[in-house]
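Trainee: here's a sequence, model it:
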Amino acid sequence: MFLSPMLVLLIGVALVILLIVVVRVNAFLALIAAAFVVSLLSPGAWDEKIARAVTEFGATAGKIGVMIALAAVIGKCLMDSGAAERIVRTCLRLIGESRAPVALMTSGFVLSIPVFFDTVFYLLVPLARSLSRMTKSHYSLSILAIGAGAALTHTLVPPTPGPLAVAGTLGVEVGHMILVGILVGVPAAVLVYPIIRLLDRSMPLPVRPYVGEVETPPAQEQDLPPFWLSAMPVILPVLLISANTIIKVLVKSYPSWQTLANVTGVIGDPNAALLLAAVVAMGTVAWKRHLSLEALGRLTEEALMSAGVIILITSAGGAFGAMLRQTGINEEIKVFVGSQSSMGGVVLLAMSFLVAAVMKTAQGSSTVAMLTTAAIMTALFDTPESLVQHLGCHPVYMALAIGAGSLVFCWMNDSGFWVVARMSVWSELEALKLWTVTAACAGLAAFLVTVVFALVLPNALG
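Mentor: Residues are numbered from 1 along each chain as shown. Presented below is the predicted three-dimensional model:
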């Protein structure tokens, strides 16, 4: 005698929130514990219930582990080599210091593809503070521009762990997720920019000093790598993975391109593409910082240690989702959605957005919110084909709706909230009025753009 699938789902989600919010345990422990509990409450042989959760944990790690590890190495090398700073300076020079907030948003948008949100923010805030001191204006705008640009790609574009794991859970190719994520992220950034200008006008905060602040001189031009080399670890994997995705579509119409498809299938595999980008990034930091092989090894080891925690969390999220599917909840949800409904797809996208928003509000982590929501949504259907049938569009749009929802609601239980507040020297109330509103607007804008794309381009370049 087993509990109803819906009740097991609620127990699993409640357990994740309880362990993270109340007990304050690590997200990995919360997700893997929830996976075990859900598996125990689901049908199946008792001696296989824990083993099947562990098997799914390993399957998820096999899909995303290498990519997350390589992305961490790329991000660390970009920071330490000065490549990230070179990209920012080039954006400022091309767009103009008079439009510095736009340049900062562009820099945050680009850098947050391979680099974690917190790291991008740490990098760009000193530049925003220096520019605002010179112009004596638009400090709030610059900070919010950085945050909005970085947050959008952090939740929409792989190889950042959240969207990478969601893509794997929903069966979306990484190349598709990158292409469509960028296509959705750019207009979402354009939509949110006027809003943060209004917020800047309503709260034109000054640049406040840090406690015991000491000005550090900017890096000299000759100490930074050239722009083409700095940008290559970011651009190379995007180009290779995207090329593989596009060629795989075109070869159906042009069979003579099969040889080219074989080549792009190797170098455009996300794991291979990121490995090539990591080699370039490691070579750059070794050259500019005159590192020995031993020092380069220590640098990459630091990056891999931080990646290990993320891999554990995302893999536990995959196990949790797989165990939710074991409950048989998909049969109950099919009745609610109804494939004959012309609005069924929009309803599912809205559900994905709202569930992710609730999970983010409850426990604070965008990555955990994305993992849990993707697990819930995939548990509703027997197969990927069934998901597509009910959705009525490419599943990449569900992945993006989940990412958009994970931006709402960013408040005191989110580490990103404190990064923005403390680095900007804002009070909690100021951060709530400025950053929380900005993140919510960015998420809503991304969701609206996602729905429009799903209606206008349902196959998503596929």
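Trainee: buried residues in stretch 229-242?
Mentor: For stretch 229-242, a neighbour-count test (16 or more other CB atoms under 10 Å) marks 229-234, 236-238, 240-242 as buried. Every C-beta, even on glycine, is put in place using the N, C-alpha and C of the backbone.
Trainee: run the chain-centre distance for that stretch.
Mentor: 17 Å (CA atoms, centre = their mean, to the nearest Å).
Trainee: for it, what is the average pLDDT?
Mentor: Averaged across stretch 229-242, pLDDT comes to 86.
Trainee: check stretch 46-65 too.
Mentor: What stretch 46-65 shows for mean pLDDT is 88.
Trainee: counting neighbours, which bits of it end up buried?
Mentor: 49, 52-53, 56-57, 60-61, 63-65.
Trainee: then stretch 407-425?
Mentor: Buried residues in stretch 407-425, counted by 16+ other CB under 10 Å: 407-411, 413-414, 416-417, 419-421, 423-425.
Trainee: list the contacts of it.
Mentor: Outside stretch 407-425, the residues that touch it by CB atoms under 8 Å, 6 or more residues apart in numbering are 21, 117-118, 121-122, 125, 143, 147, 151-152, 155, 207-210, 356-357, 360-361, 363-366, 426-428, 430-432, 435-436, 439-440, 442-444, 446.
Trainee: pLDDT of that stretch, averaged?
Mentor: Here the average pLDDT along stretch 407-425 is 83.
Trainee: can you check stretch 119-126 too?
Mentor: For stretch 119-126, mean pLDDT is 80.
Trainee: over to stretch 159-177?
Mentor: For stretch 159-177, the mean per-residue pLDDT is 88.
Trainee: stretch 392-402 too?
Mentor: Mean pLDDT, stretch 392-402: 92.
Trainee: rewinding a little: turn the buried residues of stretch 46-65 into TSV, including secondary structure.
Mentor: Compiled in TSV, those are given as follows (DSSP: H, G, I helix; E, B strand; the rest coil):
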residue	secondary structure
49	helix
52	helix
53	helix
56	helix
57	helix
60	helix
61	helix
63	helix
64	helix
65	helix
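Trainee: just these now: which is nearest residue 84?
Mentor: Nearest to residue 84 out of these is residue 64 (CB to CB; 23.5 Å).
Trainee: quick check: buried residues in stretch 241-257?
Mentor: Buried residues in stretch 241-257, counted by 16+ other CB under 10 Å: 241-245, 247-248, 251.
Trainee: as TSV, the residues you listed with secondary structure and distance to residue 87 would be great.
Mentor: Converted to TSV, these look like this (DSSP: H, G, I helix; E, B strand; the rest coil; distance: CB to CB, whole Å):
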residue	secondary structure	distance to residue 87
241	helix	20
242	helix	19
243	helix	22
244	helix	24
245	helix	24
247	helix	28
248	helix	30
251	coil	34
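Trainee: now do the helices in the stretch 1-150 of the chain.
Mentor: Using DSSP state H, counting those that start in this stretch, the helices found in the stretch 1-150 of the chain span residues 5-17, 27-40, 49-81, 83-95, 100-111, 117-135, 139-156.
Trainee: tell me which of the buried residues of stretch 229-242 fall in strands.
Mentor: Counting by DSSP state E, no part of these is found in strands.
Trainee: ramachandran coordinates for the residue nearest to residue 345 when sequence neighbours are not counted?
Mentor: Once flanking residues are discounted, residue 345 sits nearest to residue 392: 3.6 Å by CB to CB, 6 or more residues apart in numbering. Phi and psi for residue 392, reported as degrees, to the nearest 10, are phi 80, psi 10.
Trainee: my guess is residue 392 contacts residue 398, does it?
Mentor: No. The pair residue 392 / residue 398 is not scored as a contact, 10.8 Å apart, by CB atoms under 8 Å.
Trainee: who's more crowded, the two?
Mentor: Set residue 392 next to residue 398 and count neighbours by other CB atoms under 10 Å: residue 398 wins out with 29 against 19.
Trainee: check the gap between the more buried one and residue 191 for me.
Mentor: Taking CB to CB, to the nearest Å as the measure, residue 398 falls 21 Å from residue 191.
Trainee: same question, residue 137
Mentor: Look at residue 137 and residue 191: by CB to CB, they are 23 Å apart.
Trainee: settle it for me: which of the two has more neighbours?
Mentor: Neighbours per residue (other CB under 10 Å) separate residue 137 from residue 191, with residue 191 holding more: 16 against 13.
Trainee: the more buried one: what's it in contact with?
Mentor: 445, 448-449.
Trainee: ditto for residue 305
Mentor: Contact analysis of residue 305 by CB under 8 Å, 6+ apart lists nothing.
Trainee: quick one: pLDDT of it?
Mentor: The model reports residue 305 with a pLDDT of 86.
Trainee: what does it show for phi and psi?
Mentor: Torsion angles at residue 305 (phi, psi; degrees, to the nearest 10) stand at phi -60, psi -40.
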